[in-house]
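**Student:** Give me a 3D structure for the following:
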Amino acid sequence: MRVPAEEAVNEHDQYIQSQIGPILQPGEQVLFVALMRRQPGIIWQILFALISALLMKPYFAVLTNRRLLLIRTKLRAFTFTGVPKHLNLGVEEHDVRQLQSCSTGGIANNRSMTFQLASGSKMTLRISPMFKIVTGTKEFFDRVPDLINSGQLAQLASGGQGYAAMPAQGAWPQLPMQQPMAPAPPMGGFGPGARVLVVARDGGRYPATVVQAQGGHYLCAMPDGQQHWIEAQSVGPA
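**Tutor:** Reported below is the predicted structural model:
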């Protein structure tokens, strides 16, 4: 769970972690996060600035190995840089296997990502990759299109390891826990509050606290506040 010094977790990252942790499914892991918005195109923004601002809907976007989660929020009053409130107005979710392709457009710090869905419809979200309001926004814009278009995300959602070779970025290092400890602890071996060590993909062991056990996994709280469902064989006594 290392975070580069230049990309330390900020208050918005921490808020996203607090919202996403409780709704992650066993084995589901966060890949990328961003601050995004639904808003008319740039021509509308130029010609009808007030209407465009009124129509804007901001989201904390979270891409996992299974779902694209959009947490609806609002912007803080009297801010012109898009600073979001720590407010959850509802969660919209899309199965990543339904994301057929992703194209990008726009210019400068007003970019867009258009997701082609299996249903035939399209979903366009706008993104400002140069803003670091949410730490992983640039990585989301730079890397998610290739992840979808290459088929790696669909493979990962189906239980493959298409993402295993891709290094974690920013404040959201990934933990599919691939390397088991020996011996593997049986389920029920650790109760809520137990201090444990988890084995990450890089072979490192990291301290954590068990929150709950379910379906061959432990929900573990890491020191930085993130929570992850981790396979039982990758969890051992501290």
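**Student:** Can you report phi and psi for His217?
**Tutor:** phi -130, psi 160 (degrees, to the nearest 10).
**Student:** And this structure, split by domain according to the record?
**Tutor:** 5-15+25-157, 175-238 (automatic domain parsing).
**Student:** Now do the buried residues in the longest helix seen in the chain.
**Tutor:** Longest helix in the chain by number of residues, with DSSP state H as the criterion: helix 137-149. When burial is assessed from 16 or more other C-beta atoms under 10 Å, helix 137-149 yields the following buried residues: 137-141, 143-145, 147-148. Just so you know, the C-beta spots here come from the backbone N, C-alpha and C atoms, and that holds for glycine as well.
**Student:** where do the helices sit along the chain?
**Tutor:** Using DSSP H, the helices of the chain run over 11-20, 42-47, 49-55, 137-149, 152-157.
**Student:** Rounded mean pLDDT for the third one, please.
**Tutor:** Read that as helix 49-55. For helix 49-55, mean pLDDT rounds to 52.
**Student:** swap in the first one?
**Tutor:** Model confidence over helix 11-20 averages 88 on the pLDDT scale.
**Student:** So which other helices or strands are in contact with that helix?
**Tutor:** Contacts defined by 3 or more C-beta pairs under 8 Å, 6 or more residues apart in numbering; DSSP states H and E place helix 11-20 against strand 30-38, strand 57-64, strand 67-72.
**Student:** angle of that helix against strand 30-38?
**Tutor:** 110 degrees (axes from the mean of the first three to the mean of the last three C-alpha atoms, to 10 degrees).
**Student:** about what we covered before: would you list the buried residues of helix 137-149 in a markdown table and tack on pLDDT and distance to Val83?
**Tutor:** Formatted as a markdown table, the buried residues of helix 137-149 follow (pLDDT from 0 to 100; distance: C-beta to C-beta, whole Å):
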| residue | pLDDT | distance to Val83 |
| --- | --- | --- |
| Thr137 | 91 | 13 |
| Lys138 | 91 | 17 |
| Glu139 | 91 | 20 |
| Phe140 | 94 | 18 |
| Phe141 | 94 | 19 |
| Arg143 | 92 | 24 |
| Val144 | 94 | 23 |
| Pro145 | 94 | 26 |
| Leu147 | 91 | 28 |
| Ile148 | 93 | 28 |
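**Student:** and which of those is nearest Pro22?
**Tutor:** Distance to Pro22 across the buried residues of helix 137-149 (C-beta to C-beta) is lowest for Phe140, with 21.8 Å.
**Student:** Met123: what's its closest spatial neighbour, skipping adjacent residues?
**Tutor:** Of all residues not flanking Met123 in the chain, Phe115 sits nearest, at 4.7 Å (C-beta to C-beta, 6 or more residues apart in numbering).
**Student:** Look up which residues are beta-bridged to the one you found.
**Tutor:** Beta-bridge pairing for Phe115 (DSSP bridges): Cys102, Met123.
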